[in-house]
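**Q** I'll drop the sequence and a predicted model, then ask my questions.
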Amino acid sequence: MNRRQFLKFNILTGVSASIAYAANSHNMHNMHSMNLTNSSNIDTSFIKLSKNVNLIDEKKFPAHQNLNALKLLKNESKEKNFFRATIEIKESQLEIIKGFKTKFYTYNDLIPGPKIEVYEGDTIEILVKNKLKEPTTIHWHGLPVPPDQDGNPHDPILAGRERIYRFTLPQNCAGTYWYHPHPHYITAKQVFMGLAGVFVVKAKKDALSHLEEKDLVISDLRLDDKAQIPENNLNDWLNGREGEIVLINGQLKPKITINAERIRIYNFCSARYLNLKIQNAKFILVGTDGGLIEKPIEQEELFLSPASRVEVLIKADKLGEFKLESLYYDRDKMLIKEEPKNLFLADIKIEKNPNNIPSTLKKFKKQEEPKNFKEVIMSEDHMQMHGIDKKSEDEIKKSLASMFLLNGKVFDMKRIDLKSKLNEVEDWVIINKSHMDHPFHIHGTQFELISSKLNGKTAKANFRALRDTINVRPNEELRLRMVQNYEGIRMYHCHILEHEDLGMMGILEIQK
Ligand code: C2O
Ligand code: CU
Ligand code: CU
């Protein structure tokens, strides 16, 4: 039994797990956090725990239809380089399943939300009307926008209120972004209720701007037998929620025709890891979150942890019909034992292969050396797992709200955790000292992976790429290089949204 199995085994049985974990981890932060458990003032009012939900029969969900393109958010401005639009956030009753009205939260009545498509250098002005009965924000995931326009949990749009988000995009930020809510404590809920949309920033001209484009937004959804979206259960809070119905552009198992397009793929799931594969075809990776990479890279599989995006071309060994699947990925979930099963996502017809793909996609500037360093340790306090199934509901909630840690602490809205200097290049070392995978995300900038270290082996990144979210495996250590170009506060967190709400998040302050 290796250590990972050992820990998993013990977590299920109780006491010895926490002792084994604490003793093995050499992580003093873990020890500290034990004291937190006693404090009765942990806010757990946001944690809803549903039990025994009967799920809908997936066969009732319409499937196997031709893939629809995403609806565009309408630009109301006639001015050049100016994008003005309105987004209404509300509860919508949508009849997806015959005879049932499902209550979603929507952006302009759409699932997924409308696609925002703009150009580098554009000024964006979006009026947001919050018609929900609760606060929300819109966070522009990955975009270089000023902190006060970035939908931080500190700047809620209260129920029934409106606000305007306004920012000008710098040059050289073309990439594949998205937007979603980021209110304190209820981000996961608002996303699983349906709030998320894509945000594409295009360059007037780049190495692939001659190609047609296609978006594939992968999201998941849970529906009970009345076609309603249930609250999270204990497993969802522990491992992140994976809705059973996995959709592409809101459709189940669609038919997708590929014609040598530039394809942007998004993982909008709260916690589902995707490892895409098309038997007898290949992905040619051409871009990551923050735009084109140096040169195209052929891959058999495409790994997308939650919140990650890529740009790819798809090439068949022989033109024809294929199946798009997501291969099973073991991320060592707590309390449940999974069958390693692949997931069928879509039928794909490849009508044309890409040709003349440029060998250089983008020239990267020489990498600057870091002037400063930061360390972020991801950990879980497994004391909290001890006998969790025997605890009262209140105690379970307290445990949940104190077990997911960054640098030994649970998120606090009023605490600055780290400070950086404006425009100063830094290396961040992200260390996962827990048994399960956690995707690390930071707001306001794109970073480059420099190297990763696992089991004593260090590997240099094998190509240069810009990302804002990256998976960190158990015991893995990643070195990320980044710079923040705006003053103010930024969040960094695990992008399993339940972990983020439970406090696996910190605040970075950027000062002159
Ligand atoms: Cu996708 Cu803090 O965000
Ligand atoms: Cu973000
Ligand atoms: Cu996490």
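**A** Thanks, I have the structure now. Residues are numbered from 1 along each chain as shown. Ligands and ions are numbered 1, 2, ... in the order given.
**Q** who's in contact with I258?
**A** 214, 314, 348-352 (C-beta atoms under 8 Å, 6 or more residues apart in numbering). The way it works is simple: take the backbone N, C-alpha and C, and place the C-beta from them, glycine included.
**Q** List buried residues within those.
**A** Among the contacts of I258, those buried by neighbour count (16 or more other C-beta atoms under 10 Å) are 214, 314, 348, 350.
**Q** farthest pair in those?
**A** The largest separation in the buried ones among the contacts of I258, counting by C-beta to C-beta, is between K214 and I350 at 12.4 Å.
**Q** what about the residue in the chain that ligand 2 sits nearest to, neighbour count?
**A** Nearest to ligand 2, among the residues of the chain, is H141, at 3.9 Å (C-beta to the ion). Using other C-beta atoms under 10 Å, the number of residues around H141 comes to 24.
**Q** Then the one 4 residues further on?
**A** Other residues near V145 come to 22 when the count uses other C-beta under 10 Å.
**Q** In terms of pLDDT, where does it sit?
**A** With respect to pLDDT, V145 has a value of 98.
**Q** Is it in a helix, a strand, or coil?
**A** Taken by DSSP: H, G, I helix; E, B strand; the rest coil, the conformation at V145 corresponds to coil.
**Q** what number of residues lie near the closest residue to it other than its chain neighbours?
**A** Nearest non-adjacent residue to V145, counting by C-beta to C-beta, 6 or more residues apart in numbering: F167, 4.0 Å away. Using other C-beta under 10 Å, F167 has 19 other residues around it.
**Q** So for whichever strand or helix holds F167, mean pLDDT?
**A** F167 is part of strand 162-168 when elements are defined by DSSP states H and E. Across strand 162-168, the average pLDDT comes to 98.
**Q** Pull out the buried residues from that strand.
**A** With burial defined by 16+ other C-beta under 10 Å, the residues of strand 162-168 counted as buried are 163, 165, 167.
**Q** elements contacting it?
**A** strand 123-130 (3 or more C-beta pairs under 8 Å, 6 or more residues apart in numbering; DSSP states H and E).
**Q** Buried residues in stretch 77-95, which are they?
**A** So for stretch 77-95, counting by 16+ other C-beta under 10 Å, buried means 83-85, 87, 89, 92, 94.
**Q** okay if I get those as JSON lines plus distance to D225 and pLDDT?
**A** Shown next, in JSON lines, are the buried residues of stretch 77-95 (distance: C-beta to C-beta, whole Å; pLDDT from 0 to 100):
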{"residue": "F83", "distance to D225": "42", "pLDDT": "98"}
{"residue": "R84", "distance to D225": "43", "pLDDT": "98"}
{"residue": "A85", "distance to D225": "37", "pLDDT": "98"}
{"residue": "I87", "distance to D225": "32", "pLDDT": "98"}
{"residue": "I89", "distance to D225": "28", "pLDDT": "98"}
{"residue": "S92", "distance to D225": "21", "pLDDT": "98"}
{"residue": "L94", "distance to D225": "17", "pLDDT": "98"}
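**Q** Put together a markdown table for those, with secondary structure and distance to L502 on each row.
**A** Formatted as a markdown table, the buried residues of stretch 77-95 follow (DSSP: H, G, I helix; E, B strand; the rest coil; distance: C-beta to C-beta, whole Å):
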| residue | secondary structure | distance to L502 |
| --- | --- | --- |
| F83 | strand | 35 |
| R84 | strand | 37 |
| A85 | strand | 33 |
| I87 | strand | 28 |
| I89 | strand | 24 |
| S92 | strand | 28 |
| L94 | strand | 29 |
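**Q** from these, which is closest to P146?
**A** Nearest to P146, judged by C-beta to C-beta, of the buried residues of stretch 77-95 is F83 at 16.6 Å.
**Q** what does the protein have sitting close to ligand 1?
**A** Residues of the chain found near ligand 1 (C-beta under 6 Å from any ligand atom) are 139, 141, 180, 182, 307, 441, 443, 491, 493, 495.
**Q** Narrow those residues to those in strands?
**A** 139, 141, 180, 441, 491, 493 (DSSP state E).
**Q** which of the residues in stretch 281-292 are buried?
**A** For stretch 281-292, the neighbour count (16+ other C-beta under 10 Å) marks 281-292 as buried.
**Q** Any idea which residue is closest to the centre of this structure?
**A** A307 (2.1 Å; C-alpha atoms, centre = their mean).
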